[in-house]
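> Got a sequence here, can you model it:
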Amino acid sequence: MMAWSDRHCRFLHRQYAPRALLFTEMITTGALLYGKQYHLLDFNACEHPVAVQFGGNDPGALAECAALAEERGYDEVNINVGCPSDRVQKGTFGACLMQQPDLVADCVTAMRQACTLPVTVKCRTGIVLKDDPEAFNDQNFLNHFVDRVAEAGCQRLYLHARVAVLGGLTPAQNRDIPPLTPEKGAALKLRHPQLQVIINGGITDTTTAEAYLDWADGVMIGRAAYHQPRFLSELERAMFGGCDAPDEQTIVGRYINYMAEQMEAGIKLNALTKHLLHSFNGRQGARRFRQILSDASRLKANDLSLVEEALEPLGLVG
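Prediction:
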């Protein structure tokens with residue numbers, strides 16, 4: 001999730017879910033190869049297993065990025081073919097790439113040749129275009145798309161079980177308005193039993209997640225985890241058994257220690273607190289927590305004591 005799942009967010013979420021596979025935010029090939037923003041590849045050793053997700057449409061550029069990812073020690077490299085944002089469309093990557101299954105397959109092939117990491121794809125069930133709304137959104141199209149990327153060596157498919165409407169809907173609306181069609185994913189799994197299919201979209205409770213495991217190889221959680229990270233701990237217990245995650249007070253204590261270390265390295269406090277701001281929505285004391293944590297003057301002053309004060313109404317620090 002661009003601008004959301006940065007390395008600070010991933011450190012926090014790793015505390016809630018010790019064994020889940022974490023994903024970076026989508027990193028464009030241009031940012032790395034032309035912008036030289038190599039810091040986007042930074043991660044903490046505790047994040048393993050961690051996958052890096054790239055956005056791009058040039059097989060050669062994606063291959064270079066895959067090689068960089070392997071050098072940095074990532075566990076998986078993923079190409080995003082599902083993002084519907086206008087900015088991504090202007091760059092002709094993300095969901096609009098689903099129109100070109102052969103090009104996506106070429107990207108997968110080039111990435112596999114450039115690294116030894118698993119190469120995976122995240123996509124939608126299809127896309128809806130203004131000028132041709134039916135051409136790329138039925139099961140036959142999805143079958144053809146997945147046939148091509150699987151032949152190219154894609155080892156795992158992350159399927160957001162909705163079409164992406166390109167033009168007319170915002171990215172936020174594209175996460176909610178198109179109906180979920182997980183049955184398309186189930187059909188894919190029957191067609192490609194050797195391909196790992198991970199289902200994504202609309203999963204907000206463990207009951208729904210576990211039900212998908214009747215046919216899927218796993219579930220992918222995005223914003224539900226960001227706004228309710230305790231959900232990650234619930235999934236951890238349901239999917240892996242046991243109770244490896246510490247209690248939440250220990251988790252936030254670790255994050256406070258992490259924030260102190262990062263601030264000593266020059267990171268601003270507000271870059272660290274933003275991942276906590278909506279983490280406790282719906283809980284008693286959450287409103288007061290947000291009010292305290294939003295104090296602009298104390299954030300600007302990098303006043304770390306602000307965080308412990310904000311957590312008191314939640315009963316997490318006392």
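> Find the nearest non-adjacent residue to D303, please.
L269 (7.2 Å; C-beta to C-beta, 6 or more residues apart in numbering). Glycine gets a C-beta too; all of them are placed from N, C-alpha and C.
> need the contact list for that neighbour.
If you count contacts by C-beta atoms under 8 Å, 6 or more residues apart in numbering, L269 has them with 259, 263, 299, 302-304, 306.
> Test for you: state the pLDDT assigned to it.
pLDDT, L269: 97.
> Do a quick rundown of the strands in the stretch 101-250 of the chain.
119-129, 156-166, 196-200, 218-220 (DSSP state E, counting those that start in this stretch).
> which strands and helices sit next to the shortest one?
Which is strand 218-220. Contacts defined by 3 or more C-beta pairs under 8 Å, 6 or more residues apart in numbering; DSSP states H and E place strand 218-220 against strand 196-200.
> Show me what the strand it packs on pairs with in its sheet, parallel or antiparallel.
Here strand 196-200 is paired, per DSSP bridges, with strand 156-166 (parallel), strand 218-220 (parallel).
> what's the burial count for the nearest residue to I221 once chain neighbours are set aside?
In space, and not counting its chain neighbours, I221 is closest to I203: 5.9 Å by C-beta to C-beta, 6+ apart. Around I203 there are 23 other residues, counting by other C-beta atoms under 10 Å.
> One more: Y16?
Y16 has 22 neighbours, counted by other C-beta under 10 Å.
> again, but for P133
14.
> Kindly report the same for E312.
A count of nearby residues for E312, using other C-beta under 10 Å, gives 14.
> cool, D303 as well?
Using other C-beta under 10 Å, D303 has 13 neighbouring residues.
> That one: what secondary structure?
coil (DSSP: H, G, I helix; E, B strand; the rest coil).
> related to what we said a few turns ago, how about the strands of the stretch 101-250 of the chain in JSON lines, adding distance to S233 and mean pLDDT?
Formatted as JSON lines, those follow (distance: least, C-beta to C-beta, whole Å; pLDDT from 0 to 100):
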{"stretch": "strand 119-129", "distance to S233": "24", "mean pLDDT": "96"}
{"stretch": "strand 156-166", "distance to S233": "22", "mean pLDDT": "95"}
{"stretch": "strand 196-200", "distance to S233": "19", "mean pLDDT": "98"}
{"stretch": "strand 218-220", "distance to S233": "15", "mean pLDDT": "97"}
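> Out of the contacts of L269, which is nearest to P18?
M259 (19.9 Å; C-beta to C-beta).
> Which strands and helices lie in contact with whichever strand or helix holds that closest one?
Counting by DSSP states H and E, the element that carries M259 is helix 248-264. On a contact count with 3+ C-beta pairs under 8 Å, 6+ apart, helix 248-264 meets helix 7-16, helix 269-273, helix 305-311.
> Weed out the non-buried ones from the contacts of L269.
Neighbour-count burial (16 or more other C-beta atoms under 10 Å) is assigned, among those, to 259, 299, 304, 306.
> how many other residues sit next to N257?
10.
> typo on my end, L232
Using other C-beta under 10 Å, L232 has 22 other residues around it.
> Check whether it really touches G222, as I assumed.
No: under the criterion of C-beta atoms under 8 Å, L232 makes no contact with G222, lying 11.4 Å away.
> if you skip the residues just before and after it, what's nearest to T125?
K184 (4.7 Å).
> low pLDDT regions in the stretch 51-200 of the chain?
Regions of the stretch 51-200 of the chain meeting the criterion pLDDT under 70 cover residues 88-91.
> where do the helices sit along it?
59-72, 86-90, 101-114, 139-151, 171-174, 182-191 (DSSP state H, counting those that start in this stretch).
> residues in contact with the fourth one?
The one in question is helix 139-151. By C-beta under 8 Å, 6+ apart, helix 139-151 touches 98, 101-102, 104-105, 108, 121, 123, 125-126, 135, 157, 184, 187-188, 191-192, 195.
> in the helix holding M259, what counts as buried?
Within helix 248-264, the residues scored as buried using 16+ other C-beta under 10 Å are 248, 251-256, 258-259, 262.
> Can you tell me what sits against it?
Applying C-beta under 8 Å, 6+ apart, the set of residues contacting helix 248-264 from outside is 8, 11-12, 15-16, 230, 233, 245-246, 269, 272-273, 276, 302, 304, 307-308, 311, 316-317.
> please redo it, this time with the cut-off set to 10 Å
With contact meaning C-beta atoms under 10 Å, 6 or more residues apart in numbering, helix 248-264 is reached by 7-8, 11-16, 44, 46, 229-230, 233, 245-247, 267-269, 271-273, 275-276, 279-280, 302, 304-305, 307-308, 311, 314-318.
> Let me know the average pLDDT across that helix.
Averaged over helix 248-264, pLDDT sits at 95.
> per-domain residue ranges of this structure.
For the chain, automatic domain parsing gives the domain ranges 7-240, 248-314.
> which of those domains sits most buried?
Ranked by mean neighbour count, these are led by domain 7-240 with a mean of 19 (mean count of other C-beta atoms under 10 Å).
> Need the distance between the two termini of that one.
Domain 7-240 has an end-to-end distance of 24 Å (criterion: C-alpha to C-alpha, to the nearest Å).
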